[in-house]
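**Student:** could you work out the structure for the sequence below:
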Amino acid sequence: MLKNIQEWILLLAIFGLTAYLGNWIGYGMLSVDGLLGIFVLILISLAGLILQKLIPVNIPSVGYIGILGILVSTPWFPGSEYVVEWTSNIQLLALATPILAYAGISIGRNWADFVQLGWRSFVVAACVFLGTFIGSALIAEIILRMQGII
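**Tutor:** Numbering: from 1, shown residues only. Reported below is the predicted structural model:
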């Protein structure tokens, strides 16, 4: 378990640093509060990963991370105003970019496993991408028309 925790800390630190740099480069937000926000998110993620290993219920770690994130940001949790203030200085895309890059690398590294899924996986992936694109375009069209921009 200690080896897992050390690996998680290293991985979360790399993601945190990358997200902080992305927040700075992409949004010009270089602040101590942003760094504290990244640190809080790393601690919440680490606690969720540890809880997933300790609690014998079969719930994915992302569930524990989400529950912990909600709990520490609720008004009755001590220090929640700081958690909310610090994490509000981090943009979502700055967080998502390194995680999606890692997912892409891990899929690329296991390309043989991906190919074994067969041609159906390519059809499903194409439909998901197409549906996401059309759905996003449709929502953008509706919102922009409602605002009178187009």
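**Student:** give me the mean pLDDT for stretch 120-131.
**Tutor:** Taken as a whole, stretch 120-131 has a mean pLDDT of 79.
**Student:** repeat for stretch 56-75
**Tutor:** For stretch 56-75, the per-residue pLDDT averages 91.
**Student:** tell me which helix or strand Ala137 sits in.
**Tutor:** helix 119-146 (DSSP states H and E).
**Student:** where does this structure have its least confident helix or strand?
**Tutor:** Ranking every helix and strand in the chain by mean pLDDT, DSSP states H and E puts helix 111-116 at the bottom, with a mean of 67.
**Student:** which is the next helix or strand following whatever helix or strand Ile38 lives in?
**Tutor:** Using DSSP H and E, Ile38 falls within helix 32-54. Using DSSP H and E, the helix or strand that follows helix 32-54 in sequence is helix 61-73.
**Student:** orientation of that following helix relative to helix 32-54 in degrees?
**Tutor:** Note on geometry: by axes from the mean of the first three to the mean of the last three C-alpha atoms, to 10 degrees, helix 61-73 and helix 32-54 are set 130 degrees apart in direction.
**Student:** return the list of helices and strands in contact with helix 61-73.
**Tutor:** helix 32-54, helix 80-87 (3 or more C-beta pairs under 8 Å, 6 or more residues apart in numbering; DSSP states H and E). All C-beta spots, glycine's among them, are computed from the backbone N, C-alpha and C.
**Student:** if I look at the one residue sitting closest to the centre of the chain, what pLDDT would I see?
**Tutor:** Geometric centre of the chain, nearest residue: Ala96, 4.9 Å, by C-alpha atoms, centre = their mean. For Ala96, the pLDDT comes out at 78.
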